[in-house]
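> Just the structure for this:
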Amino acid sequence: MSFEVDIRKRLRSDDREFVLDVRWRSDARRTVLYGPSGAGKTLTLQAIAGLLRPDDGRITFGGDVLFDRAAGIDQAARARRFGYLFQDYALFPRLNVRQNIAFGLQHGWLNPSRRVADRRVDHWLQVFELTEVAGQRPHELSGGQRQRTALARALIHEPRALLLDEPFSALDPALRERMRDELDRLLHRLDLPLLMITHDPADLARFGPSSVSLDAGRVIPGEGLVLGVG
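Sure thing, here's the model as predicted:
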C-alpha cells in the first residue's frame, strides 16, 4: 500500500511564517519521516490523517484519494481509517484505561461507561497486558502503559495503517528500546503499514528501510529510499 503526498501549506504566527512544500512517494510497508524539530514532519502526518487541510495538492493511500484540492476531495479523518498515535498520547485524564481504549469506537462525544463491556476492548487489554490496570487513570500508569493504552485505542477500530508521531520520545532510554521491540513484534503480527515520524537515528535504523528526510518544510533530495520525490 503506497503513500503519495504532494502538498503545500503556509502557516503564519505573528511575524513568523512556515511553508510546508513536500512531494514524496513510498511503496514500503514501513516508512519513516525523519528530520529535526520544526522540519514539518508532524504537519505532514496531520495532513495525511485528515487533521490538517493543505492549501493545495494531493494525498493518496493505496490508490484511494484522501485529499485533492483541485478535485474538491477532502475525506474526513474517520473515513481515512488510520490509527493515529499522538506524541503525547492524548489520553483523556478523567477516563480509565478501559474507557480510553473504548473511546476509539465512539461516534459521538459521550464517554464510554467505566465498565464498558466489549470483546474488542478486552482483546486489546489482553494483547498489551493492561487488564490489571484497566480501571486506572493515565496519571497512575507508567510511561510504557500509557503508550500501550494509546496504541490500543488507535488499533481498536481496525485501521488500515498506523501513523505514529514520535512514539518513543516521552520514554526513558531503557523503556524506549523495549517498546521498539514490542512495536516491531506487533507490526509483524498484524501486518499493518506504518508511517512514523522521528528525529531519533535509532528509530530510523529500526523502522526506516524506506525514509523521507525533511528539513525546513521540504524534502531533502537523495536521502533515504524514497520513490518519486520531486
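> which one's the longest helix in this protein?
Under DSSP state H, the helix in the chain containing the largest number of residues is helix 173-190.
> CA atoms only: put that helix into CSV for me.
C-alpha atoms of helix 173-190 as CSV (Å, rounded to 0.1, in the frame of the first residue of the first chain):
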residue,chain,number,x,y,z
PRO,A,173,16.1,5.2,27.1
ALA,A,174,15.7,1.6,28.6
LEU,A,175,11.9,1.6,28.1
ARG,A,176,12.3,3.1,24.6
GLU,A,177,14.3,0.1,23.4
ARG,A,178,11.8,-2.3,24.9
MET,A,179,8.9,-0.5,23.3
ARG,A,180,10.6,-0.6,19.9
ASP,A,181,10.8,-4.4,20.3
GLU,A,182,7.1,-4.6,21.2
LEU,A,183,6.0,-2.4,18.3
ASP,A,184,8.2,-4.4,15.9
ARG,A,185,6.5,-7.6,17.0
LEU,A,186,3.1,-6.1,16.8
LEU,A,187,3.6,-4.9,13.2
HIS,A,188,4.8,-8.3,12.2
ARG,A,189,1.8,-10.0,13.7
LEU,A,190,-0.8,-7.5,12.3
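> tell me which residues in it are buried?
Within helix 173-190, the residues that count as buried by 16 or more other C-beta atoms under 10 Å are 176, 179-180, 182-183, 186-187. The way it works is simple: take the backbone N, C-alpha and C, and place the C-beta from them, glycine included.
> Equivalent analysis for stretch 150-166, please.
150-156, 159, 161-166.
> Please enumerate the helices of the chain.
41-49, 77-80, 97-102, 119-127, 143-155, 173-190, 201-207.
> who wins for proximity to residue 2 among those helices?
Residue 2 sits nearest to helix 41-49 of all the helices of the chain, at 12.3 Å, using C-beta to C-beta.
> What are the boundaries of the strands in the protein?
For the chain, the strands defined by DSSP state E cover 3-13, 16-26, 30-34, 56-61, 64-68, 73-74, 82-85, 161-165, 194-198, 210-215, 218-219.
> and the first one with helix 41-49, angle?
What it means is strand 3-13. Using axes from the mean of the first three to the mean of the last three C-alpha atoms, to 10 degrees, the inter-axis angle of strand 3-13 relative to helix 41-49 is 120 degrees.
> and strand 3-13, which residues are buried?
In strand 3-13, the ones that count as buried by 16+ other C-beta under 10 Å are 3-7, 9.
> of those residues, closest to residue 42?
The closest of these, once distances to residue 42 are taken by C-beta to C-beta, is residue 9, at 11.8 Å.
> Pairing partners for that closest one in the sheet, please.
Beta-bridge partners recorded for residue 9 (DSSP bridges): residue 20.
> other SSEs contacting the worst-scoring helix or strand of the chain on mean pLDDT?
Between all helices and strands in the chain, the lowest mean by mean pLDDT, DSSP states H and E belongs to helix 173-190, at a mean of 84. Under the contact criterion of 3 or more C-beta pairs under 8 Å, 6 or more residues apart in numbering; DSSP states H and E, helix 173-190 touches helix 143-155, helix 201-207.
> Right, I'll call it a day here.
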